[in-house]
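Q: What follows is a predicted structure for the sequence shown.
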Amino acid sequence: GTMSPYQHGEVYVTDDGAETDLDLGHYERITSMVATRDHNWTTGKIYLSVIQKERRGEYLGRTVQVIPHITNEIKNSIRAAAQDVDILLIEIGGTVGDIESLPFLEAIRQFRQDVGRENTLYIHLTLVPYIASAGELKTKPTQHSVRDLRSIGIQPDVLLCRTDRQLDRDMKRKIALFCDVDEGAVITARDVSSIYEVPLNLAGEGLDRILLERLHLPETEAKMDAWEDLVERIQQPMDEVTLHFIGKYTAYEDSYKSINEALHHGGLPHRLKVKLQYVEAEALEEPDGLKLIEDAVGILVGPGFGDRGSRGMMAAAEYARTRKIPYFGICYGFQWAVVEYARSMCGLPDADSTEISEETPHKIIYKLRDLLGVDDMGGTMRLGSYACRLTPDSLAFRLYGEEIIHERHRHRYEFNCLYERTLTENGLRISGRSLDGKFVEIVELPGHPWYLAVQFHPEFKSKPLHPHPLFAGFVEAAYKRKLALAGVSTNVTSIAERRR
């Protein structure tokens, strides 16, 4: 709740409401795992747990030390995430030698002793840079990194060598010799144009076979057909479409990592390459700011907090609404779309959000009723997965193809249902709400080619092999507008039509 997107990138939210590092999003997108709060352990979380145990007297007054108390807590967190799985992948972030990661590295050193060498595998991701002025790859960073690991008792079994070109046999042999690793376990982790090429590249290097062999698991035939088709679609699109992304933190693209990925996923069913034109919300508040989106064929307004850029988001929503441009609002983009509609179409020129103006006479968006009187910022939002019931015959229902959906949330303010009648009588449609009817989750605009805004974060559930229907529908609508403006007849099959 208090993580700056400029420092941490996006805050990734799990089904059970944990606010985590964006790396968990990569794991969920590329694998079948469903992350929980037990899959993300920070130094602060570990130390807090140890301190709480000490305060409860669980250590019986003994001196609390990094070893064994902190390392035991780390190992316990590993065991907590290992329930009902065959293989547990544990990533320790940072760089070998960082003081912050030392307790974690010590914990996994001990863990091999606890569970047996035959049940563990150390994989070290290391750098093999290419020095252009010398015209050669350098292995010294890898040698020094492995040396530092070995100095604390960890001998890597596999090296993933991050580099911009293929490592030849001689280079792998050299690395294996100096790092005491089998030559076959020196893997080229080459830079790729799309992260979704990585599974195929690593399989081509034989990493899957090595893992099965070292962990004494039966070797079965790899099933990579879906990934091969995916990469082929990425590399050979039929056409492309550019979407305008309005946000508050566009200077750092990782601030919207899951949305970026979900938009690219949305183009895959249509064999479209999706390009993103980032627009800082504040820039739209300038006198000629709307010129930045005058050629838009699709406008997405993303999540955010605070006053800065809020009027620009509202201007983007109005521009898309009045010019029939496909519009997709997510979280903050939902809230400002609703406020804009109240101001422009419902005769409420002072409508606002209490996040910006506590004194507004028309509180269209206000603080969650459950949080009234709660001033702490961290961890006090509506977090995690909640069910939503869709209205039959709505755009949302046609895209999802089912009545009850589950989506993840991260917001501190909500739509004020006292204004529901005013807005719906003036043309706005509420097409999704929580099962108890308390929260408005989706609004859309009948008669508009594609205008939909959601309070939740659908991007967290999009995967390359299973694109989220809202993103696929939005990309499709934007592409149809592009073709229409060019005078080309559209033959894109819609997601809803495919379901029928």
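A: Now that the structure is in, tell me what you want to look at.
Q: In contact with residue 454, which residues?
A: 329-331, 334, 407, 432, 441-442, 470 (CB atoms under 8 Å, 6 or more residues apart in numbering). Where you see a C-beta, it was placed from the backbone N, CA and C, and this is true even at glycine.
Q: how about it, phi and psi?
A: Dihedral pair for residue 454: phi -130, psi 140, per degrees, to the nearest 10.
Q: Report the central residue of this protein.
A: Nearest to the geometric centre of the chain sits residue 258, at 3.0 Å (CA atoms, centre = their mean).
Q: thought that residue was touching residue 9?
A: No. With contact defined as CB atoms under 8 Å, residue 258 does not reach residue 9; the gap is 9.9 Å.
Q: Mutual contacts of those two, please.
A: By CB under 8 Å, 6+ apart, the residues touching both residue 258 and residue 9 are residue 22.
Q: Show the residue spans covered by the strands in the stretch 201-350 of the chain.
A: Ranges of strands in the stretch 201-350 of the chain, per DSSP state E, counting those that start in this stretch, are 239-247, 272-280, 299-301, 327-330.
Q: So for residue 489, which of those strands sits nearest?
A: strand 239-247 (13.9 Å; CB to CB).
Q: rewinding a little: same list, the strands of the stretch 201-350 of the chain, but as a markdown table with mean pLDDT, distance to residue 266 and mean neighbour count please.
A: Formatted as a markdown table, the strands of the stretch 201-350 of the chain follow (pLDDT from 0 to 100; distance: least, CB to CB, whole Å; neighbours: other CB atoms under 10 Å):
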| stretch | mean pLDDT | distance to residue 266 | mean neighbour count |
| --- | --- | --- | --- |
| strand 239-247 | 97 | 9 | 21 |
| strand 272-280 | 97 | 7 | 18 |
| strand 299-301 | 98 | 10 | 29 |
| strand 327-330 | 98 | 10 | 29 |
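Q: would you list the contacts of residue 454 in CSV and tack on distance to residue 395?
A: Output for the contacts of residue 454, formatted as CSV (distance: CB to CB, whole Å):
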residue, distance to residue 395
329, 13
330, 15
331, 18
334, 14
407, 16
432, 10
441, 14
442, 9
470, 9
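Q: So residue 64 versus residue 100, what's the distance?
A: Per CB to CB, to the nearest Å, residue 64 is found 19 Å from residue 100.
Q: Apart from its chain neighbours, what residue comes closest to residue 332?
A: residue 304 (4.3 Å; CB to CB, 6 or more residues apart in numbering).
Q: number of nearby residues for the one you found?
A: 23 (other CB atoms under 10 Å).
Q: ditto for residue 176
A: 16.
Q: what about it, which helix or strand?
A: For residue 176, the host element (DSSP states H and E) is helix 169-179.
Q: Residue 386 now?
A: strand 382-390.
Q: before we move on, the earlier item: tell me who's in contact with the residue nearest to the centre of the chain.
A: Counting by CB under 8 Å, 6+ apart, the residues that residue 258 touches are 10, 12, 22, 25, 457, 459-460, 462.
Q: Looking at those residues, which one is closest to residue 247?
A: So of those, ranked by how close each gets to residue 247 (CB to CB), first place is residue 10, at 11.0 Å.
Q: Run a quick neighbour tally on that closest one.
A: Neighbours of residue 10 using other CB under 10 Å come to 25.
Q: If residue 442 is in a bridge, with which residues?
A: residue 432, residue 454 (DSSP bridges).
Q: Could you check how far it is from residue 394?
A: 8 Å.
Q: which one of these two has more residues nearby?
A: Using other CB under 10 Å, the more surrounded residue of residue 442 and residue 394 is residue 442, with 27 against 19.
Q: That one against residue 390, yeah?
A: Yes. With contacts counted by CB under 8 Å, residue 442 reaches residue 390, the gap being 7.3 Å.
Q: Identify the contacts common to these two.
A: With CB under 8 Å, 6+ apart, residue 442 and residue 390 have common neighbours 396, 431-432.
Q: Phi and psi next, for the nearest residue to residue 81 once chain neighbours are set aside.
A: Of all residues not flanking residue 81 in the chain, residue 38 sits nearest, at 4.8 Å (CB to CB, 6+ apart). Main-chain dihedrals, residue 38, degrees, to the nearest 10: phi -80, psi 0.
Q: Relative to residue 26, how far out is residue 38?
A: From residue 38 to residue 26 the distance is 18 Å (CB to CB).
Q: ditto for residue 46
A: Residue 46 is 22 Å from residue 26, by CB to CB.
Q: ok, now residue 349?
A: The gap separating residue 349 from residue 26 is 44 Å, by CB to CB.
Q: who has more neighbours, those two?
A: residue 26 (17 against 11).
Q: Does the more buried one touch residue 198 like I think?
A: No. The criterion here is CB under 8 Å, and residue 26 misses it with residue 198 at 9.7 Å.
Q: Could you give the separation between the terminal residues of stretch 193-209?
A: 25 Å (CA to CA, to the nearest Å).
Q: do the same with stretch 276-288
A: First-to-last distance for stretch 276-288 - CA to CA - comes to 21 Å.
Q: In terms of secondary structure, what does the strand or helix carrying residue 124 contact?
A: Per DSSP H and E: residue 124 is located in strand 123-127. Where contact means 3 or more CB pairs under 8 Å, 6 or more residues apart in numbering; DSSP states H and E, strand 123-127 is packed against helix 140-151, strand 158-163.
Q: what is the orientation angle of the first one with strand 123-127?
A: Taking axes from the mean of the first three to the mean of the last three CA atoms, to 10 degrees, one finds helix 140-151 and strand 123-127 inclined to each other by 150 degrees.
Q: Helix 140-151 vs strand 158-163, what angle?
A: Angle, helix 140-151 to strand 158-163, by the same axes, to 10 degrees: 150 degrees.
Q: Check which helices and strands helix 140-151 is in contact with.
A: strand 123-127, strand 158-163, helix 169-179.
Q: highest average neighbour count across the ones you listed?
A: strand 158-163 (a mean of 20; mean count of other CB atoms under 10 Å).
Q: Which residues does that one contact?
A: 121-130, 137, 142, 146, 167, 175, 179, 181, 185-191, 202, 207, 210-211, 214.
Q: Which of those are buried, as a ChimeraX select command?
A: Entered in ChimeraX, the line below selects the buried ones among the contacts of strand 158-163, by 16 or more other CB atoms under 10 Å:
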select :121,122,123,124,126,128,137,142,146,167,175,179,181,185,186,187,188,189,190,202,207,210,211,214
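Q: what about the chain, any weak spots by pLDDT?
A: Within the chain, the stretches with pLDDT under 70 are 1-2, 370-379, 490-500.
Q: What lies in contact with stretch 15-26?
A: 1, 3, 8-14, 34-37, 39-40, 91, 93, 195, 254, 257-258, 261, 379, 383-385, 408, 410, 460.
Q: hmm, 6 Å instead?
A: By CB atoms under 6 Å, 6 or more residues apart in numbering, the residues outside stretch 15-26 that reach it are 9-12, 35-37, 40, 257-258, 383-385.
Q: From the residues you listed, list just the buried residues.
A: 9-12, 35-37, 40, 257-258, 383-385.
Q: out of everything not next to it in sequence, what's closest to residue 481?
A: Nearest one to residue 481, counting by CB to CB, 6+ apart, is residue 297 at 4.3 Å.
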